[in-house]
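Asks: with the input below, show me the fold.
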Amino acid sequence: MNQSAVHTNRLRVLIIAEACNPDWVSVPLAGWSHYNALRQVVDPHLVTHPRNRGALLNQGLTEGEDFTVINNEHVAKPMHRLASLLRGGKGKGWTTVMALAWPAYWEFERLLWKHFRDDLRAGRFDLVHRLTPLTPTIPSRMATRCRRLGVPFVLGPLNGGVAWPAGFDNLRRKEREWLSYVRGGYRYLPAYRAMGRDAAAIICGSMATLEQMPDYCQDRCHYIPENAVDPERFDRVRTHTAQRPLKLAFLGRLVPYKGADMLIDAVAPLIQAGRATLDIYGDGPERQALSAQVRDLGLSDGVVLHGWIEHQEVSRRLAESDVLASPSVREFGGGVCLEAMAIGLCPVIADYAGPAELVTTRTGIKVAMGGRQELIAGFRQAIERLADDPLQVDAFGRAGRERVHALFTWSRKAQQVTAIYDWVLGRTDDRPMMDRPWDDDAGTVRTPLPLAGPYNQPMLPAPAEPA
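Replies: Numbers count the residues shown, from 1 in each chain. As a prediction, the model looks like this:
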């Protein structure tokens, strides 16, 4: 491996990101965004899968110097075929997919260790950081191997394991999440316990994941929300003033738990009355059923299913809307909420899991989680409130943009992660803590835990309550 960057004073970090691709979405894009932000402040060497090679080369990276590919396709391909047979349809059965990804990832790590163990033994890296996979159900043997060499191993962000809310077990079955009933068993596996014991730090991307971490590693766990926004990708700003009819947008995969059908039911009376329109961006197995629902309710003039759009198009399309409506009942991250807030939209979300950690009562509307009918009624009431007074959208939008740019950019996340690097390397004695969001009810900044290093930054004052 070319060690041309070793002469600098920046930390030398071996970054493991099996999924890391700037041209894709979801986990691969998160892996790339996280790595790309970190390479502005450390000297990383990326280890990834061959499927990402072309996209990385197009970004100006040099194979062998900036990144190394590890080819585990002899295991990954048959596991992928088996998962496709068992998951019951594209976009479903993610717990099954993750379970069958384990053998392929372990082979990836076996080959990675074989390739880099001499470099690690020689002290050519200050630490190792596994960015992806994000799931905590796939343990890493690198934690133990690195500890034996005296090289700190940082894990995360880990995310997943959000419980299915009461009243939606039918969606759980539609998603073919049969394995989710026994998913928690992974925590009793020796490999998982060894990873938690030997990792120098574990970054949890959601409060749900943090709460699931065992007691024996809680002293090394750090909460940093998984998602962030790249200001260069989301450089548009919604500049128009909200008017009537209110322009609503839904963005995401069209699968049962995302709840697009509930949103259509919720806003149907407003659309029929000419008070709102709805643009649905995304594709998936529910698209045909959603089209039939729109037709049967007589909403064809007010609801458009646009299908899949490229991620580069998201900011332009969202900037034409007023409200992002997301009734997803089981969302781990909720990155689309940050993207909408960065543009100046008002998010209306189900008050559950990831999105509820990102959206505050000053930056959007949280609808109380209940059963299907309660959620539909809650979304209808929230959107009626905005349709009655569209200027509220503008106030929410301004507060949302301030919040995102203060706390949720990738460069900010890189600062937070490098503070953890400094801590595990003994450069600081203070355990870093994530910035705490302001307490919306009290209108004050709440910091229940001491902040240290780059975390101890002045926060924006709580924005004024929307009119």
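Asks: separation between the nearest residue to R275 once chain neighbours are set aside and Q381?
Replies: Distance criterion Cβ to Cβ, 6 or more residues apart in numbering; nearest residue to R275, sequence neighbours excluded, is A387 at 4.7 Å. Every residue, glycine included, has its C-beta placed from N, CA and C. Distance, A387 to Q381, using Cβ to Cβ, to the nearest Å: 11 Å.
Asks: which other residues reach stretch 369-380?
Replies: 165-168, 259, 262-263, 265-267, 269-270, 325, 327, 329, 348, 350-352, 367-368 (Cβ atoms under 8 Å, 6 or more residues apart in numbering).
Asks: the helices in the stretch 251-400 of the chain, which residues?
Replies: 260-272, 287-296, 311-318, 335-343, 353-358, 372-388, 391-407 (DSSP state H, counting those that start in this stretch).
Asks: show residues contacting the fourth one.
Replies: With Cβ under 8 Å, 6+ apart as the contact definition, helix 335-343 has outside contacts at 30, 226-229, 231, 234, 236-238, 249, 251-252, 314-315, 318-319, 324, 326, 347, 349, 355, 358-359, 363-364, 397, 400-401, 403-405, 408.
Asks: just the buried ones from these, in PyMOL syntax?
Replies: Burial among the contacts of helix 335-343 is assessed by 16 or more other Cβ atoms under 10 Å; the matching PyMOL selection reads:
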select buried, resi 30+226+227+228+229+234+236+238+249+251+252+314+315+318+319+324+326+347+349+355+358+359+363+364+397+400+401+403+404+408
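Asks: which of the residues in stretch 39-53 are buried?
Replies: So, applying 16+ other Cβ under 10 Å, buried residues of stretch 39-53: 39, 41-49, 51-52.
Asks: so how far does that stretch reach from one end to the other?
Replies: 17 Å (Cα to Cα, to the nearest Å).
Asks: so that it lines up with my notes, have the first residue be 45 from now on.
Replies: With the count now opening at 45, the last piece we talked about shows up as stretch 83-97.
Asks: and the helices in the stretch 145-294 of the chain?
Replies: 186-193, 213-218, 234-242, 251-256.
Asks: circling back to that earlier point, could I get the helices of the stretch 295-444 of the chain as a markdown table with mean pLDDT?
Replies: Converted to a markdown table, those look like this (pLDDT from 0 to 100):
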| stretch | mean pLDDT |
| --- | --- |
| helix 304-316 | 98 |
| helix 331-340 | 98 |
| helix 355-362 | 90 |
| helix 379-387 | 95 |
| helix 397-402 | 93 |
| helix 416-432 | 97 |
| helix 435-451 | 94 |
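Asks: okay, the ones you listed, which one's buried deepest?
Replies: By mean neighbour count, with neighbours taken as mean count of other Cβ atoms under 10 Å, helix 379-387 ranks first of the helices of the stretch 295-444 of the chain at a mean of 27.
Asks: can you check what pLDDT the model gives the residue of the chain most remote from its centre?
Replies: In the chain, A317 marks the outermost C-alpha relative to the chain mean, sitting 35.9 Å out by Cα atoms, centre = their mean. A317 carries a pLDDT value of 97.
Asks: report the contact partners of it.
Replies: A317 neighbours (Cβ under 8 Å, 6+ apart): none.
Asks: what residue ranges in this protein score low on pLDDT?
Replies: 45-52, 127, 131-141, 222-226, 477-511 (pLDDT under 70).
Asks: sorry, back to before: mind checking how far the residue farthest from the centre of the chain is from G342?
Replies: On the measure of Cβ to Cβ, A317 and G342 end up 12 Å apart.
Asks: likewise V281?
Replies: Distance from V281 to G342, by Cβ to Cβ: 35 Å.
Asks: same thing with L322?
Replies: 14 Å.
Asks: quick one: which of these two has more around it?
Replies: L322 (28 against 11; other Cβ atoms under 10 Å).
Asks: the more buried one touches V348, doesn't it?
Replies: Yes - contact criterion Cβ atoms under 8 Å: L322 and V348 qualify, at 7.5 Å.
Asks: coming back round to it: switch the helices of the stretch 145-294 of the chain over to a markdown table; also include mean neighbour count and distance to E109.
Replies: Formatted as a markdown table, those follow (neighbours: other Cβ atoms under 10 Å; distance: least, Cβ to Cβ, whole Å):
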| stretch | mean neighbour count | distance to E109 |
| --- | --- | --- |
| helix 186-193 | 18 | 22 |
| helix 213-218 | 15 | 46 |
| helix 234-242 | 17 | 30 |
| helix 251-256 | 18 | 34 |
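Asks: now do the phi/psi pair for N65.
Replies: Here is the backbone geometry of N65 (degrees, to the nearest 10): phi -150, psi 120.
Asks: could you find the closest non-adjacent residue to it?
Replies: P72 (3.8 Å).
Asks: circling back to that earlier point, what's near enough to touch the residue nearest to R319?
Replies: 288-290, 314, 319-320.
Asks: the stretch 145-294 of the chain: strands as residue ranges?
Replies: Applying DSSP state E, counting those that start in this stretch to the stretch 145-294 of the chain gives strands spanning 171-176, 197-202, 245-248, 265-267, 290-295.
Asks: the fourth one pairs with which strands, parallel or anti?
Replies: Pairing partners of strand 265-267, with direction, according to DSSP bridges: strand 245-248 (parallel).
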